[in-house]
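**Student:** sequence and predicted structure, then a few things I'm wondering about:
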Amino acid sequence: MELVVDASVVIKWLVDEDDSEIARQLLVDDHALHAPMLMAVEVGNALVNKVRRGLLSPEDASMRASRILDLSVNWTEDVSISEDAVRIALELNRGVYDCLYLALAHRVGGLFVTADARFANAVASTEHSGAVVLLGTSDLGQPSQTARG
């Protein structure tokens, strides 16, 4: 199955958080994982925020950031999906960053897996609901119709 993962999922691969085991299962299941290049920057930002909150040392954050490009992810240049992301963002009245992942899911004919309940809930009542799965709410064979928050 083609899955697009965002920073909210990938940070769980690098740092122990709630649902990290569920997120890590995506790495061992037979899925083709995809992400826009933006995801690397968003994960880096999340790591910096963890340092600022005293949850990681700067050295530990840097070491974890160095693993990002070694992940088993098919990377997509943001520019190739940016037009679709802008169209979706305008349609949904959401940020382009989140919609970049959704645009990629549509492009690869897969599902966008996120731990961002706010985004999943916002999309749940739209034509895009079948393309978004909230981490931990589905076996990824059938997208969840409701997201927990």
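**Tutor:** Sure, I can see it. Numbers count the residues shown, from 1 in each chain.
**Student:** from now on I want contacts and neighbour counts done on CA atoms only, so please keep to that.
**Tutor:** Will do.
**Student:** what about residue 16, neighbour count?
**Tutor:** By other Cα atoms under 10 Å, 10 other residues sit near residue 16.
**Student:** and it, helix, strand or coil?
**Tutor:** coil (DSSP: H, G, I helix; E, B strand; the rest coil).
**Student:** where does it land on pLDDT?
**Tutor:** Confidence at residue 16, expressed as pLDDT, is 94.
**Student:** next one: residue 149
**Tutor:** You'll see residue 149 listed with a pLDDT of 38.
**Student:** do the same with residue 70
**Tutor:** 88.
**Student:** and the one 3 residues further on, by the same measure?
**Tutor:** We have a pLDDT of 95 for residue 73.
**Student:** please apply the same query to residue 42.
**Tutor:** Predicted confidence (pLDDT) at residue 42: the value is 96.
**Student:** which residues sit against the helix ranked longest in the chain?
**Tutor:** Ranked by residue count and defined by DSSP state H, the top helix of the chain is helix 38-52. Applying Cα atoms under 8 Å, 6 or more residues apart in numbering, the contact partners of helix 38-52 are 6-8, 10-11, 56-58, 61, 65, 68-69, 78, 97.
**Student:** show me those residues that map onto helices.
**Tutor:** Secondary structure from DSSP H places 7-8, 10-11, 58, 61, 65, 97 of those in helices.
**Student:** dump the residues you listed into CSV; add neighbour count as well.
**Tutor:** What follows is the ones in helices among the contacts of helix 38-52, written out as CSV (neighbours: other Cα atoms under 10 Å):
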residue, neighbour count
7, 23
8, 18
10, 23
11, 23
58, 15
61, 21
65, 21
97, 18
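**Student:** right, and the pair among those with maximum separation?
**Tutor:** Using Cα to Cα, the two most remote members of the ones in helices among the contacts of helix 38-52 are 58 and 97, lying 25.6 Å apart.
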